[in-house]
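Trainee: Take this sequence and fold it.
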Amino acid sequence: MTIVYAEDNPVTLAAYKNRLEQEGFRVRAARDGVEAMRVMSQCVPDLVILDLEMPKFNGGEVLKFIRTNESLKVVPVVILSTNTIVDATQEHFLEHANKRLLKANCNFPILLKTIQELLGPDKKPAETVEDIFPTPLQVARRFAHA
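Mentor: Numbers count the residues shown, from 1 in each chain. Sure, this is the predicted structure:
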């Protein structure tokens, strides 16, 4: 499972990125809104974590990019920020986030539980290379048991 995490605070980004990777997620980090949109243009993530207050493009603008992009619009988005609103003109886009968490009230177990709820019980991080790139025989076995 791939998560795009857009956060301009390097300490916060490193801490959550490391913990998510320990849980088995692949994390693509973005330090500003432009980088987040570039990363999502290259790969469609399973989930996005957005800070609202970022340079270049803020989280509200990135969320608008996600929700108006055909290949991204169904991707779950968690806003994790110190602020709940960037400005009043973007409030209607923030309503399209799947979950909003305030950094002051959030810790890693809360974030992890939120991610698991949004991805569903059948979605879990890849554990082996074969989970990411199954062999033709493994694909055939999965279809046989489905």
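
Trainee: quick one: contacts of stretch 12-30?
Mentor: Residues external to stretch 12-30 that are found in contact with it (C-beta atoms under 8 Å, 6 or more residues apart in numbering): 1-7, 31, 36, 38-39, 43, 45, 49, 51, 80, 103, 108, 111-112, 115, 124-127. C-beta coordinates here come from the backbone N, C-alpha and C atoms, glycine included.

Trainee: Of those, grab the buried ones for PyMOL.
Mentor: Here is the PyMOL command that selects the buried residues among the contacts of stretch 12-30 (16 or more other C-beta atoms under 10 Å):
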select buried, resi 1+2+3+4+5+6+7+31+36+39+45+49+51+80+111+115+125
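
Trainee: Mind checking which of the contacts of stretch 12-30 are in helices?
Mentor: Counting by DSSP state H, the members of these that fall within helices are 36, 38-39, 108, 111-112, 115.

Trainee: From those residues, pick the one nearest residue 64.
Mentor: Distance ranking of the ones in helices among the contacts of stretch 12-30 against residue 64, using C-beta to C-beta, places residue 36 first at 12.0 Å.

Trainee: all strands of this protein, in order?
Mentor: Ranges of strands within the chain are 2-6, 26-30, 47-50, 77-81, 99-102, based on DSSP state E.
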